[in-house]
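Student: Sequence unavailable; structure follows:
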């Protein structure tokens with residue numbers, strides 16, 4: 001399953017599951033939570049020295065505007081923390097397609113990617129442990145998400161973000177008990193959803209998967225899951241045009257409440 005990292009069950013969830021026939025599988029960043037500034041900050045520190053004598057707000061102020069602008073563009077195409085490294089390339093400012101992005105990422109030496117991922121993860125862990133209020137304040141839940149999680153029944157999170165960060169954010173918002181499992185640092189979401197279904201005895205066609213990344217939506221839909229493309233996260237004009245041609249169903253934020261009733 002690649003980078004499926006230790007999903008952990010919540011012992012209070014079985015009663016919620018038994019009341020629903022289906023299961024909801026959700027992406028995190030861009031579906032449950034907006035964390036653009038946090039991602040930009042750890043991406044910057046993935047390639048730059050982390051001066052730990054400067055508090056988080058000061059670190060944010062140090063981000064160059066040109067870098068932040070490039071990161072916003074890269075974020076629309078990136079699926080994994082590794083991919084955020086592309087924001088450090090000046091050529092990233094001229095990306096106009098997924099092919100451009102993929103070409104730039106594949107040009108990066110694997111050693112550099114590995115160093116970046118390690119340093120960015122360490123920066124995230126530092127803020128989460130040492131400046132938790134600052135770090136948690138960089139994560140904002142989208143409207144309607146808390147209500148969905150409280151009423152949806154069986155929910156699993158399938159995300160590129162690490163499990164500890166996801167659980168910290170859910171706990172901060174009093175929602176950790178609403179999620180049965182977290183598949184963190186997940187590079188193969190279709191395999192993660194299949195694993196969750198197999199272990200819980202849930203048919204694939206009884207699962208609704210929501211992600212803001214179109215390739216993820218396509219990959220999960222291909223295994224027989226009803227996949228919905230979130231319209232409030234990170235998207236590109238190219239993906240919107242592609243979705244229209246492919247007849248891929250979009251989901252507006254206002255439609256979140258309806259997902260619970262469909263399970």
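Tutor: Received it, and whenever you're ready, just let me know what you need. Keep in mind it's a predicted model, so treat the numbers as computed, not measured.
Student: where are the low-confidence patches of this structure?
Tutor: Within the chain, the ranges that satisfy pLDDT under 70 run 1-20, 261-263.
Student: So which residues of it form helices?
Tutor: Taking DSSP state H as the criterion, the chain contains helices spanning 14-18, 36-45, 56-62, 65-75, 98-106, 110-130, 132-137, 145-151, 163-172, 189-200, 214-221, 237-246, 256-262.
Student: Same question for the third one: list its buried residues.
Tutor: When you say that, I think you mean helix 56-62. For helix 56-62, a neighbour-count test (16 or more other CB atoms under 10 Å) marks 56, 59-60 as buried. Every residue, glycine included, has its C-beta placed from N, CA and C.
Student: export these to TSV and tack on distance to residue 154?
Tutor: Converted to TSV, the buried residues of helix 56-62 look like this (distance: CB to CB, whole Å):
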residue	distance to residue 154
56	35
59	38
60	37
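Student: what's the closest of these to residue 115?
Tutor: Each of those was checked against residue 115 using CB to CB; the closest is residue 59, at 19.5 Å.
Student: any idea how far the residue lying farthest from the centre of the chain lies from residue 133?
Tutor: Farthest-out residue of the chain from its mean C-alpha position, per CA atoms, centre = their mean: residue 53, at 29.5 Å. Distance, residue 53 to residue 133, by CB to CB, to the nearest Å: 18 Å.
Student: Residue 127 too?
Tutor: Applying CB to CB, one obtains 10 Å for the distance of residue 127 from residue 133.
Student: Between those two, tell me which one has more neighbours.
Tutor: Per other CB atoms under 10 Å, whichever of residue 127 and residue 133 has more neighbours is residue 127, with 23 against 8.
Student: what's near enough to touch the closest residue to that one other than its chain neighbours?
Tutor: The spatial neighbour of residue 127 that comes closest, neighbours along the chain excluded (CB to CB, 6 or more residues apart in numbering), is residue 135 at 4.0 Å. Residue 135 is in contact with 38, 56, 124, 127-128, counting by CB atoms under 8 Å, 6 or more residues apart in numbering.
Student: The closest residue to residue 105 other than its chain neighbours - how many residues pack around it?
Tutor: Once flanking residues are discounted, residue 105 sits nearest to residue 86: 5.3 Å by CB to CB, 6+ apart. Neighbour count for residue 86, taken as other CB under 10 Å: 27.
Student: what's the answer for residue 202, then?
Tutor: In terms of burial, residue 202 registers 20 neighbours under the definition other CB under 10 Å.
Student: can you pull the contacts of it?
Tutor: 22-23, 154, 196.
Student: Pick out whichever of those residues sits closest to residue 203.
Tutor: Looking at the contacts of residue 202 and their distance to residue 203, the nearest is residue 22, at 8.4 Å (CB to CB).
Student: quick one: that closest one and residue 40, what's the gap?
Tutor: Computed with CB to CB, the distance linking residue 22 and residue 40 is 36 Å.
Student: Looking at those two, which is more packed in?
Tutor: residue 40 (23 against 19).
Student: For the nearest residue to that one once chain neighbours are set aside, give me its contacts.
Tutor: Closest residue to residue 40 in three dimensions, ignoring its sequence neighbours and counting by CB to CB, 6+ apart: residue 71, at 4.5 Å. Taking CB under 8 Å, 6+ apart as the contact definition, residue 71 lies against 36, 39-40, 43-44, 84, 87.
Student: Mind picking the one among those that's closest to residue 142?
Tutor: Where the contacts of residue 71 are concerned, and distances follow CB to CB, residue 142 has its nearest neighbour in residue 36, at 12.3 Å.
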